[in-house]
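*Asks:* Just need the structure, nothing else, for what follows:
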Amino acid sequence: MSRSARELPVWVDAGLIPFLNLAAAFLVTGILILIIGESPVESVKIMLTGAFGYGEGVGYTLFYTTNFIFTGLAFAVALHAGLFNIGTEGQAYIGGLGVASVCLALGGFPMPIVILLAIIASALFGAAWAFLPAYLQAKRGSHIVITTIMFNFIAAALMVYLLVNVLSPAGSMQPETRTFDESARVPLMHDFLAGLGMVIARSPLNLSFFWALICAGLVQVLIWHTKLGYELRVLGANPEAAVYAGMKPDRLIVTAMLISGGLAGFMALNEVMGSQNRLVLEFTSGYGFVGIAVALMGRSRPVGIILAALLFGALYQGGADLAFEKPAITRQMIVIIQGLVILFAGALEHMFRPQITRIFARRNPQLRGA
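*Replies:* Model (predicted):
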């Protein structure tokens, strides 16, 4: 991280700059909507109403948010160690294999036991898929970006083979497993709250949402309140200093990637065990790649990641309603809107930073020359 990024006030680095990036993305989006003959103001109203204006919409928004929290946290942990883990998509995919293995084998067992074992399996399978790229980076110098991207393709090919030839029920033509037993499903939020006397709209939102928030808290503690977290941040900021301080970069690289892969694997709890109730092809739906933008927009901090994940959850759900209400704004246009947010939050993340730094340099001489 640059000196200016370190010395700018936190509210500027984690609040103002992301807001300006987001505003720029929506400004460009508004221009595109005007070009196709629709009203940007009305479109924004439809998206907000679709995401937060009724119970089912809120449920879907938080459902998508859960996926983005897991993948955002996964990328952020690796990023703190200076690693670009582009393989969260594949790690989440293989995490789904771990979840399905538990659910298929232990259907009929008490639900708390199945859920606990599924959590463990999703983390182990996701971490296992991250191990070899981590080892190659640590021991052979293979670039983590290249290896994790390739492992995404390998995971996709492996899942096609398993779902077509191994895991699909006999006589089935669908590349998917059988449906899990009732005891092998994460309870849906509306069912869980109904047992407590609270009535909310039906949606795929399930108790995985709470686990995502718990994981965000655990990552906060890990990165900023433990020795391991300090070592990961030192490695990411200055590998030479880490070596000079007696740290072991090879061990830290593998450890960071294992944690990252485990967090990515948790995404399968929400999709496979909480919504689909079976293992299907391409259940990850690009959530792993969006998690990169979520982590960057959230400055790799859990609170920021939660807020950025909520934004993208709203874009997914609100965008679906917008495409339904405005036929001229197709699903492809919604993807463009999401892509613009990713572009300005990720690739153009430093677009406004030099100007903001110069403004604050006039008030704080320490920032001059940053």
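*Asks:* residue contacts, the residue minimising distance to the centre of the chain?
*Replies:* Geometric centre of the chain, nearest residue: Thr71, 2.4 Å, by Cα atoms, centre = their mean. Neighbouring residues of Thr71 by Cβ atoms under 8 Å, 6 or more residues apart in numbering: Thr88, Glu89, Ala92, Leu263, Ala264, Met267, Tyr287, Gly288, Val290, Gly291, Ile292, Val294. From N, CA and C alone the C-beta is placed, and that goes for glycine too.
*Asks:* Go again with 10 Å.
*Replies:* Taking Cβ atoms under 10 Å, 6 or more residues apart in numbering, we find Thr71 in contact with 85, 88-89, 91-92, 260, 263-264, 266-267, 284, 286-295, 305, 309.
*Asks:* Kindly report the same for Val99.
*Replies:* By Cβ under 10 Å, 6+ apart, the residues touching Val99 are 114-115, 117-119, 121-122, 125-126, 180, 184, 186, 265-274, 279.
*Asks:* Filter those down to the ones in helices?
*Replies:* Counting by DSSP state H, the part of the contacts of Val99 found in helices is Val114, Ile115, Leu117, Ala118, Ile119, Ala121, Ser122, Phe125, Gly126, Gly265, Met267, Ala268.
*Asks:* how many other residues sit next to the second one?
*Replies:* Read it as Ile115. Neighbourhood size, Ile115 [other Cβ atoms under 10 Å]: 24.
*Asks:* Equivalent analysis for the last one, please.
*Replies:* Around Ala268 there are 33 other residues, counting by other Cβ under 10 Å.
*Asks:* Which secondary structure element is home to the residue lying closest to Pro302 once chain neighbours are set aside?
*Replies:* Nearest-residue entry for Pro302: Ala216, 3.9 Å, with adjacent residues in sequence omitted and distances by Cβ to Cβ, 6 or more residues apart in numbering. Assigning secondary structure by DSSP states H and E places Ala216 in helix 208-225.
*Asks:* Quick one: mean pLDDT over that helix.
*Replies:* Mean pLDDT, helix 208-225: 98.
*Asks:* What's the first helix or strand after that helix?
*Replies:* The element immediately downstream of helix 208-225 (helix or strand, assigned by DSSP H and E) is helix 227-237.
*Asks:* can you state the direction angle for that next one and helix 208-225?
*Replies:* Angle of helix 227-237 versus helix 208-225, following axes from the mean of the first three to the mean of the last three Cα atoms, to 10 degrees, is 80 degrees.
*Asks:* Now helix 227-237: buried residues?
*Replies:* Buried residues in helix 227-237, counted by 16 or more other Cβ atoms under 10 Å: Gly229, Glu231, Leu232, Arg233, Val234, Leu235, Gly236.
*Asks:* ditto for stretch 103-112
*Replies:* Going by neighbour count (16+ other Cβ under 10 Å), the buried part of stretch 103-112 is Cys103, Leu104, Leu106, Gly107.
*Asks:* One more: stretch 129-145?
*Replies:* Buried, per 16+ other Cβ under 10 Å, within stretch 129-145: Trp129, Ala130, Pro133, Ala134, Tyr135, Leu136, Gln137, Ala138, Ser142, Ile144.
*Asks:* now Leu83, nearest residue through space, not along the chain?
*Replies:* Nearest non-adjacent residue to Leu83, counting by Cβ to Cβ, 6+ apart: Ile144, 5.2 Å away.
*Asks:* which one of the buried residues of stretch 103-112 is nearest Gly313?
*Replies:* Using Cβ to Cβ, Cys103 is the member of these that lies nearest Gly313, at 24.9 Å.
*Asks:* picking up where we left off before, how far away is the residue nearest to Pro302 from Val186?
*Replies:* For Ala216, the distance to Val186 equals 18 Å [Cβ to Cβ, to the nearest Å].
*Asks:* ok, the two, which is more surrounded?
*Replies:* In this view Ala216 and Val186 are compared by other Cβ under 10 Å, and Val186 has more residues nearby, 26 against 22.
*Asks:* what does the average pLDDT come to for the helix or strand containing Val77?
*Replies:* Under DSSP H and E, the secondary-structure element containing Val77 is helix 55-80. Across helix 55-80, the average pLDDT comes to 97.
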